[in-house]
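# quick one, fold the following:
(2 chains)
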Number of protein chains: 2
Amino acid sequence: MAVDAAPFVTAHAAFGPGARFHHVGLAVTSIREADPAAEPIVNRTEGVTMAFVDLHGVTVELLEPLGDDSPIARSLAAGVKLLHLCFEVDDLDEALAAGRAAGFHRVSTPVVVPEWGGRRIAWTLSRDFGLVELAERPR
Amino acid sequence: MAVDAAPFVTAHAAFGPGARFHHVGLAVTSIREADPAAEPIVNRTEGVTMAFVDLHGVTVELLEPLGDDSPIARSLAAGVKLLHLCFEVDDLDEALAAGRAAGFHRVSTPVVVPEWGGRRIAWTLSRDFGLVELAERPR
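Just a heads-up that it's a prediction; the model follows:
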């Protein structure tokens, strides 16, 4: 009980005060098989088919490869299911700067994703926390 | 905007109505390096040192290997950071039965973890969702 009673540490306000957890990315062979009720969206900008589903309170982004050379296909072949955490932020550039200072290094140029409501996103990599997506909140 | 406006699908009420997302497990080489403010707990029951931290609204369980033959060490060697999702449930046995029907197969015998408030936990594996921990809510 002691563990649950202890307040969580929040040392990693890594991306600024407006950042909020949005989803965890999960590689699947087939979105339709993983969740027949899901509504897949072809995201050619990132080379995936994606769908958001809620699993008991956590948003899971199902990611299905678009083509065999997709990074998602490589993850699946390696047995890796959970791919990234995504945080929603007010200002992508400010969040990237804050993240860099906290050890989250940008590994892609920010890009607009028309298939995801025109959001601007960027990818970062942290030695400790792995792959993290930042997605600018729609204005 | 359409994607965000659409209601999330909740097809996977996999573990019964009382189930609630609790945390995502993340392998780290050193909890102290990942978060100097974290409070590590040696969990000999599971062969890990663990600490819960909040990252912008998501609870992340940092998992550090206890010994080189730890599964966590193997994940780190393979570059795999995100390990599992954990859901809290009212009744572990009922949740396991519900999960099995939804394709989450038990891969460990339920065990009490004194280091985590005496919670009963069990591990399941789903072809689609990967490794999932179930943790019984303290009564």
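# now the helices for chain A?
For chain A, applying DSSP state H gives helices covering A:2-5, A:31-34, A:71-77, A:92-101.
# A:E61: which of those is closest?
helix A:31-34 (10.2 Å; C-beta to C-beta). Heads up, the C-betas are built off the backbone N, CA and C, glycines and all.
# for the closest one, name the packing helices and strands.
On a contact count with 3 or more C-beta pairs under 8 Å, 6 or more residues apart in numbering or on different chains; DSSP states H and E, helix A:31-34 meets strand A:48-55, strand A:58-65.
# adding mean pLDDT, write those out as a markdown table.
Formatted as a markdown table, the helices and strands packed on helix A:31-34 follow (pLDDT from 0 to 100):
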| stretch | mean pLDDT |
| --- | --- |
| strand A:48-55 | 95 |
| strand A:58-65 | 96 |
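# reformat those strands as CSV; add mean neighbour count and distance to chain B.
Shown next, in CSV, are these (neighbours: other C-beta atoms under 10 Å in any protein chain shown; distance: least, C-beta to the nearest C-beta, whole Å):
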stretch, mean neighbour count, distance to chain B
strand A:48-55, 22, 4
strand A:58-65, 22, 4
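# which one of the ones you listed lies closest to B:W116?
Nearest to B:W116, of all those, is strand A:58-65, at 19.5 Å by C-beta to C-beta.
# any idea how many residues pack against A:A77?
11 (other C-beta atoms under 10 Å in any protein chain shown).
# swap in A:L76?
17.
# bridging residues for the residue nearest the centre of chain A?
The centroid of chain A falls nearest to A:C86 when counting by C-alpha atoms, centre = their mean (3.2 Å). Note on A:C86: beta-bridge partners A:H23, A:E133, judged by DSSP bridges.
# distance of it relative to B:T124?
Separation of A:C86 from B:T124 (C-beta to C-beta, to the nearest Å): 24 Å.
# kindly report the same for A:H84.
In terms of C-beta to C-beta, A:H84 sits 22 Å off from B:T124.
# now do the same for A:T45: its pLDDT.
pLDDT for A:T45: 87.
# who's in contact with the residue nearest to A:V112 when sequence neighbours are not counted?
Spatially, and ignoring its direct neighbours in sequence, A:V112 is nearest to A:R120 (5.4 Å; C-beta to C-beta, 6 or more residues apart in numbering or on different chains). A:R120 makes contact with A:92, A:110-113, A:135-136, according to C-beta atoms under 8 Å, 6 or more residues apart in numbering or on different chains.
# how close does A:R120 sit to A:S108?
11 Å.
# and if you look at A:T29?
Noted for A:T29: a distance of 25 Å to A:S108, by C-beta to C-beta.
# likewise A:A13?
Taking C-beta to C-beta, one finds A:A13 at 23 Å from A:S108.
# B:V53 is nearest to which of the helices of chain A?
Of all those, the one in closest proximity to B:V53, counting by C-beta to C-beta, is helix A:2-5 (12.4 Å).
# pLDDT of that closest one, averaged?
On average, helix A:2-5 scores 44.
# pretty sure A:G67 is touching A:G47, no?
Yes. Taking contacts as C-beta atoms under 8 Å, A:G67 lies within contact range of A:G47: 6.8 Å.
# more neighbours, these two?
A:G47 (16 against 9).
# one step back: I figured the residue nearest to the centre of chain A hits A:A19, correct?
No. At 10.4 Å, A:C86 does not count as touching A:A19 under the criterion of C-beta under 8 Å.
# between those two, what contacts are shared?
A:L134.
# on that earlier part again, least confident of the helices of chain A, on average?
Mean pLDDT is lowest for helix A:2-5 among the helices of chain A, at a mean of 44.
# show me the contacts for the residue nearest to A:P110 when sequence neighbours are not counted.
Distance criterion C-beta to C-beta, 6+ apart; nearest residue to A:P110, sequence neighbours excluded, is A:A122 at 4.3 Å. By C-beta under 8 Å, 6+ apart, the residues touching A:A122 are A:92, A:96, A:106, A:108-111, A:133-134.
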